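K.L.:
Here you go, sequence then predicted model.
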Amino acid sequence: MKQTIITILLAVVAMTGQAQVRTGQDVCLRNEATGDWLIGLFDNYAVYNCEIWEYAKADTLKGEYMLRRGKDALKLKLKEGSMRIGQKNYTVSKLTERTLPDYPTKDESDFLDNGNVGGKVTLRGRIVNVPKGHEDRVSISIPDPLQTIFDNELPIECDSLGRFELDIELANTGVVRMLWAKLILTPGETYFISMDGQTGQTFVMGRDSRLSNELLTHDTPYYKVKSSDFDKKSDAELMEAVEKDYERVKEIWMTTEQASPMLSKRYRLLSRWQWKMGAAYSLVQRRYDSPDVRKSDDGQLWQWLRDSVFSDIAHPYTLVQDDLAYTLDNYTSELLKPRNSGGYSFEFIEEAINIAEERNQADKDSLAILSQSMNDYRSKVNGGTPDSLLSDHPFHALIRQMFANGTPLMQIIKSTEPNERVLLKNIPRVRDLDLSEELKQLSQAVAIYSQLEQMHGPLSDALRKVLDETVMPPYYRDRILLRSKYFADLAAKMKRGNGCLMPNEPLADLKDGKEIMDWILEPYRGRIVYLDIWGTWCVPCKANLKQFTKPLHQKLRDLPVTYLYLCNNSSDKAWASVIAEYELAGEHSVHYNLPLSQQAAVEKYLGVRHYPTYILFDQNGKMLPGEFKPYDMDALRNKIEELTNTK
C-alpha cells in the first residue's frame, strides 16, 4: 500500500510588516442545523472546511475576524448563538463536552463501496497535550485488507503547534486508529481531527465525519466470550454462550438507540458487524485451542460462522478488516485442511514426509511407518471412531518421536515449504466452498499474502504462477506484488559479512553446539550478551522484534550489552529482509543464520524448547538460569546492573 506522509509546512502569514496575529482563543463551534463541527478558533490559527487559516485581523471583543489562507480571505462575525462566515449565517453552539452531541437529523445513507480500487484520503489535524507514553511518537494504525497479523503503522509528524497532514492510501471505506480515536475514512474525502490528550476532547470535521463522531460519542459493544474457557466443552455449549452474549449486546443496542434515536444507519450497521466479527475472530481460534473436541461435535460452530457471519457481512469488507482476513483465513483453512490431534493437518504432514524423502533427510523406513500409521489414524477419524478410542493410537507416539526438536522432520516443518505446497493445492479448492464470489477471491488473496508474510521474502516461482492463474481484483494482486517487491528490495540491502550480518564460513568445521557457541561468544568477553533465538516463520518472534527491539536498546543504552540473534531454519533472503524491515542492525547487534545442523546443535546445547527463546550470558560467557523477556525491561536491566555492578 503506497503511503505518503506529508508534513505540513505552516509558515507565518506573510503580511506587510505584520507579525502573526494571536487571539488567545480555544473554542470549537457546532452547526446546530446539521450537528457538524463547523469551525475551530484557536490561539494561532483557525480551522474551517478542513483547512487551516491564519488570522489577518482579530477583534475578540467584537467577535470580528479576518482569516487568510494563501490568496483566499474569509470574514467572520461571531455573536452569541450565531456566526456569519463570508456571506452565510449559521446558528452555532460552543462544544464543551468530550465529543460532539448527537446529530439532530436522521441519516439513512449507506457506506460508499468503490470496489477496492483504492484511493487517497487526506487527514489533517491537531494533537495537543499528547498522552503520556506517546510523547516521542504519535502514529496512525491502518488495518490491511490482506494482513492477518499486523497493521500498517504510520508515524504522524506534527509541527510545533501539534498540527499535521497525512495522505493515506486506502483500498476502500475503512477503519483507522490513532491514539484513542477510531475513525471511518472514505477514499476521496478530506477530514480534520482535533485531539486534546488532557481533556480527551475529540472532534472530527468534514462532510463525511458524522460516523467517526458517532463512534467517538457512543462505544460499540464487543464480543466477550472466551473460546479458551470452552476447551473441554462441546461446540453446542460454546454456541449457547455466544447466543447469550448476543442477547446481551442486543439490549445495549436497543438502549443506545432509544436514548439516541438519530444515530445513523451506518452506525447501527457497523455496531452489529463489529460484534459479529469479534465473535467470529474468537471462534475460529478454536481450531488451535481445542483440536480434539470437534471430532465428536456436529460442526455447528462453523455452520454459525457461515450462516450468521459470512452470509451477512459488511460491505465493503474493509469496514471489518481488523478481523476479517484472520477469520476468513482460518475458516477456509479449517474447511480445507482440519487440524488433527498432533497439531498439524494431515496434508501438512504428508508434504513434510514428501520433502524428507525427496531430500533423503530421514530414514525412509521410518517415514513409511509414519505415513502408514497416519493413514490408518485418518481413516478411523473419518469413519467416526470416537476420540477416546484413538488416544493410544501409535500415530501420536510417532509424531512425538519424529517431530521432536532437532529432528529432520521438525526442521522441515519449521520451514515455509510444506505450508506452501499445501497452499498451492488448496487455493483452487477455495472455488468449491460455500462462500460468495467476493469472499472466495479475498480468501485466495489472503492465503497468498499470508504465505508471503511468513516467508518474509519475494514470491516463489510456484506462488507467482498460481497468483497469475487466480482470478482476483486487481487491487489484491497489486498489493501482493508490491509486498513481494518490498521484501526483495529489503533483502538486497542487507549483505552477509557487511556490518552485523555475520558470515558462516569461519564456523564451517564446527559441529558441537558448545564449540559453536563458545566461538560466537568469544569476541564479546567482558560484555553481557543477550541472546534472542528466533525464526522468520515464527509470528511471536517477529512481533517481539518489531515492537520491543528499539525500546529495549534504548532502555539499556548505557550498559555494556551485545545483542546476539540466532535465526532458526530461515532462508537468507527472509532473514535479511526481517533485519532490514525492523531495523535490527546496530553497533552492538550481531546476527547469525547458521546452517540447520549447526543451529540444531546449538539449540540442543542451550536446551531450547520454544520460539522465541531469550538467554543471558555474563561477561565470561556463562549462561545464566531463567529467561528474561524483552518486554520485561526493568527486570532485565536490574539483572544486568547486578552483573556489572552499575547499580
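P.N.:
Received, thanks.

K.L.:
thinking Arg483 is in contact with Tyr449, fair?
P.N.:
Yes: the criterion here is Cβ atoms under 8 Å, and Arg483 meets it with Tyr449 at 6.8 Å. Every C-beta, even on glycine, is put in place using the N, C-alpha and C of the backbone.

K.L.:
neighbours around Asp307, how many?
P.N.:
Other residues near Asp307 come to 12 when the count uses other Cβ atoms under 10 Å.

K.L.:
Apologies, that question was intended for Lys629.
P.N.:
Counted with other Cβ under 10 Å, the neighbours of Lys629 add up to 13.

K.L.:
ok, now which ones touch it?
P.N.:
By Cβ atoms under 8 Å, 6 or more residues apart in numbering, the contact set of Lys629 is 614, 636.

K.L.:
Over to Ser577?
P.N.:
456-457, 487-488, 490-491, 494.

K.L.:
so how far is Phe487 from it?
P.N.:
5 Å (Cβ to Cβ, to the nearest Å).

K.L.:
what residues are shared contacts of the two?
P.N.:
Residues within reach of Ser577 and of Phe487 at once, by Cβ under 8 Å, 6+ apart, are 456-457.

K.L.:
where's His591, which helix or strand?
P.N.:
If you go by DSSP states H and E, His591 is part of strand 589-592.

K.L.:
next one: stretch 63-83 to chain centre, how far?
P.N.:
Relative to its chain's centre, stretch 63-83 lies at 43 Å (Cα atoms, centre = their mean, to the nearest Å).

K.L.:
what comes into contact with that stretch?
P.N.:
Residues outside stretch 63-83 that contact it (Cβ under 8 Å, 6+ apart): 13, 15, 23, 29, 38-39, 41, 46, 48, 51-59, 84-86, 89-93.

K.L.:
mind redoing it with 6 Å?
P.N.:
Contacting residues not belonging to stretch 63-83 are listed as 13, 46, 51, 53-54, 56-58, 84-86, 90-92 [Cβ atoms under 6 Å, 6 or more residues apart in numbering].

K.L.:
Convert the C-alpha atoms of that stretch to CSV, please.
P.N.:
Taking C-alpha atoms only, stretch 63-83 is exported to CSV below (Å, rounded to 0.1, in the frame of the first residue of the first chain):
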residue,chain,number,x,y,z
GLY,A,63,-16.1,38.8,17.6
GLU,A,64,-14.7,40.0,14.3
TYR,A,65,-12.0,38.1,12.4
MET,A,66,-10.4,38.1,9.1
LEU,A,67,-8.9,34.8,8.0
ARG,A,68,-6.3,34.3,5.3
ARG,A,69,-5.1,31.1,3.5
GLY,A,70,-2.8,31.9,0.7
LYS,A,71,-4.7,34.3,-1.6
ASP,A,72,-8.0,33.4,0.0
ALA,A,73,-9.6,35.6,2.6
LEU,A,74,-12.6,34.9,4.8
LYS,A,75,-14.5,37.3,7.1
LEU,A,76,-16.1,36.0,10.3
LYS,A,77,-18.6,37.7,12.7
LEU,A,78,-19.3,35.8,15.9
LYS,A,79,-22.3,36.7,18.1
GLU,A,80,-24.0,34.8,21.0
GLY,A,81,-25.5,31.7,19.3
SER,A,82,-24.8,32.8,15.7
MET,A,83,-21.9,33.2,13.3
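
K.L.:
ok, Arg483 and Tyr449, which is more surrounded?
P.N.:
Set Arg483 next to Tyr449 and count neighbours by other Cβ under 10 Å: Tyr449 wins out with 23 against 20.

K.L.:
Could you look up the SS state of the closest residue to that one other than its chain neighbours?
P.N.:
Leaving out its chain neighbours, the residue that sits closest to Tyr449 by Cβ to Cβ, 6 or more residues apart in numbering is Leu146, at 4.0 Å. Three-state assignment for Leu146 (DSSP: H, G, I helix; E, B strand; the rest coil): coil.

K.L.:
Tell me the confidence at Leu146?
P.N.:
Looking at Leu146, its pLDDT is 88.

K.L.:
give me phi/psi at it?
P.N.:
phi -110, psi -10 (degrees, to the nearest 10).

K.L.:
Around it, how many other residues sit close by?
P.N.:
By other Cβ under 10 Å, the residues close to Leu146 number 25.

K.L.:
and what of Ser570?
P.N.:
26.

K.L.:
got it, and the one 5 residues further on?
P.N.:
Close neighbours of Trp575, defined as other Cβ under 10 Å, add up to 25.

K.L.:
Correct me if wrong: it contacts Asn593.
P.N.:
Yes: the pair Trp575 and Asn593 passes the contact test of Cβ atoms under 6 Å, sitting 4.4 Å apart.

K.L.:
Please enumerate the shared neighbours of these two.
P.N.:
Common neighbours of Trp575 and Asn593, using Cβ under 6 Å, 6+ apart, are Cys567.

K.L.:
can you map out the strands along the stretch 351-500 of the chain?
P.N.:
Under the criterion DSSP state E, counting those that start in this stretch, the stretch 351-500 of the chain contains no strands.

K.L.:
Could I get the average pLDDT for the longest helix anywhere in the chain?
P.N.:
Secondary structure of the chain per DSSP state H: the longest helix is helix 235-259. Helix 235-259 carries an average pLDDT of 94.

K.L.:
and whichever helix or strand comes after that helix, what does it pack onto?
P.N.:
The helix or strand immediately downstream of helix 235-259 is helix 265-284, counting by DSSP H and E. Under the contact definition 3 or more Cβ pairs under 6 Å, 6 or more residues apart in numbering; DSSP states H and E, helix 265-284 sits against helix 210-217, helix 321-336.

K.L.:
Any buried residues in the shortest one, and which?
P.N.:
This means helix 210-217. Buried residues in helix 210-217, counted by 16 or more other Cβ atoms under 10 Å: 210-217.

K.L.:
follow-up on the earlier one: quick check: which of the helices and strands packed on helix 265-284 is nearest to Asn504?
P.N.:
Proximity to Asn504 (Cβ to Cβ) singles out helix 321-336 among the helices and strands packed on helix 265-284, at 34.9 Å.

K.L.:
got the angle for that closest one vs helix 265-284?
P.N.:
Angle of helix 321-336 versus helix 265-284, following axes from the mean of the first three to the mean of the last three Cα atoms, to 10 degrees, is 40 degrees.

K.L.:
so where does Val204 fall, helix or strand?
P.N.:
Per DSSP H and E: strand 202-205 holds Val204.

K.L.:
so for that strand, what's the average pLDDT?
P.N.:
On average, strand 202-205 scores 97.

K.L.:
Could you list the paired strands of it along with their orientation?
P.N.:
strand 190-196 (antiparallel) (DSSP bridges).

K.L.:
contacting residues around the partner strand?
P.N.:
Strand 190-196 has contacts (Cβ under 6 Å, 6+ apart) with 47, 50, 122-129, 202-206, 209.

K.L.:
buried stuff in stretch 249-265?
P.N.:
Buried, per 16+ other Cβ under 10 Å, within stretch 249-265: 249, 253, 256, 263-264.

K.L.:
State whether Thr91 is indeed within a strand.
P.N.:
Yes: according to three-state DSSP, Thr91 belongs to a strand.

K.L.:
pLDDT score for it?
P.N.:
Looking at Thr91, its pLDDT stands at 97.
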